[in-house]
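A.B. asks: Turn this into a model:
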Amino acid sequence: MKIRTIEEALQGASFYLEKAGIENPRVEAELLLAHLLETDRLQLFLKRTQNLSSRQEYLFEELVRRKAAGEPTAYITGTKEFYGYLFNVNKDVLIPRPETELLVDRALSCLKKLQSEGCNNIRVLDLGTGSGILAITIALKVNNVQIDAVDISADALQTAKLNAARYRVEDRISWHCGSYFEPFNEAPSLPLFNLVIANPPYLTKKEMRDLPSHILDHEPYEALDGGEDGLDSYRKILNDLEPHLVKPSMLLLEAGAGQQNILETLCRSSGIFKSISWHHDLAGHARVLEAER
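C.D. replies: Numbering: from 1, shown residues only. Prediction:
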């Protein structure tokens, strides 16, 4: 197709993406072109009669082909918005989901509660930090807390560090490579935390097999696979959690749909917590477990 103006480019790309079975083809086309032109969707509308250069036409067609082939938009553009901030993402990290913003909401609420109870020198632990969205957002929202972030992937941690540098909070977060509490095993004394947060892999083996190709073929498998029943990572966390908690302290876990009862049972059977509650996402699913020691 011959691309001459922004509007003509968007119309052609939308048609092409629709034929490829892409949801919301016009929106996706606008996101890709806005990224290419380093602008936003509103400016695309305002400048819709502006001509594209031949170079811009070529590059836009390449982006649209990648999207039509199933590559997630966030990986094509290299960024994804989360909690009002723009984060770098790539194939080493999961793409942030909107429902995870509830985990930040609850973390901020827990920190406010801990501070109101007189807790000083609050220390937060983010397990499985990925691109660092939780640790960094908390650092941006709360000044007087120390944050540790752990991930088993050194490549994911590199992305997280870049995001922290982007928002100038790199000196507020300590990064550790390993599986959950493993990086602290060699420490002279176990670090103690007031708040532990995690969004572990929680998809079951069956759910992994049923994933659409745009997720399964692009996002990191190990960040999605929760084992046979989706709860392998939760068991690991709960098994090693207690020695790392001070009193008072709180735990926040994001969970998948349908995992409420069994995850709550696991938490209660640990004998660590005096109270457990759930917070629901906009779809009505029990999304975040909040437990208090």
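
A.B. asks: Could I get the full set of helices for the stretch 101-250 of the chain?
C.D. replies: Secondary structure of the stretch 101-250 of the chain (DSSP state H, counting those that start in this stretch): helices located at 101-116, 133-141, 154-166, 205-209, 213-216, 232-241.

A.B. asks: okay, the angle between the lengthiest strand in the chain and helix 232-241?
C.D. replies: When the chain is parsed with DSSP state E, its longest strand is strand 245-254. Per axes from the mean of the first three to the mean of the last three Cα atoms, to 10 degrees, the angle that strand 245-254 makes with helix 232-241 is 170 degrees.

A.B. asks: from here on, count from 9
C.D. replies: Let's use 9 as the start, then, which means that last one is strand 253-262.

A.B. asks: What helices and strands are in contact with strand 253-262?
C.D. replies: helix 109-124, strand 201-206, helix 240-249, strand 294-300 (3 or more Cβ pairs under 8 Å, 6 or more residues apart in numbering; DSSP states H and E). Backbone N, C-alpha and C define where each C-beta goes, glycine included.

A.B. asks: ok, Gly136 - contacts?
C.D. replies: By Cβ atoms under 8 Å, 6 or more residues apart in numbering, the residues touching Gly136 are Val158, Asp159, Ile160, Tyr188, Ala206, Asn207, Pro208, Pro209, Ala231, Ser241.

A.B. asks: Pick out whichever of these sits closest to Ala195.
C.D. replies: Checking the contacts of Gly136 against Ala195 with Cβ to Cβ, the nearest one is Val158 at 12.7 Å.

A.B. asks: got the contact list for stretch 212-231?
C.D. replies: Outside stretch 212-231, the residues touching it (Cβ under 8 Å, 6+ apart) are 78-80, 83, 99-103, 136, 138, 160-161, 164, 209, 211, 232-238, 264.

A.B. asks: swap in stretch 22-34?
C.D. replies: Contacts to stretch 22-34, defined as Cβ under 8 Å, 6+ apart, come from residues Met9, Leu18, Ala21, Glu36, Ala37, Val72, Lys75, Ala76, Ala77.
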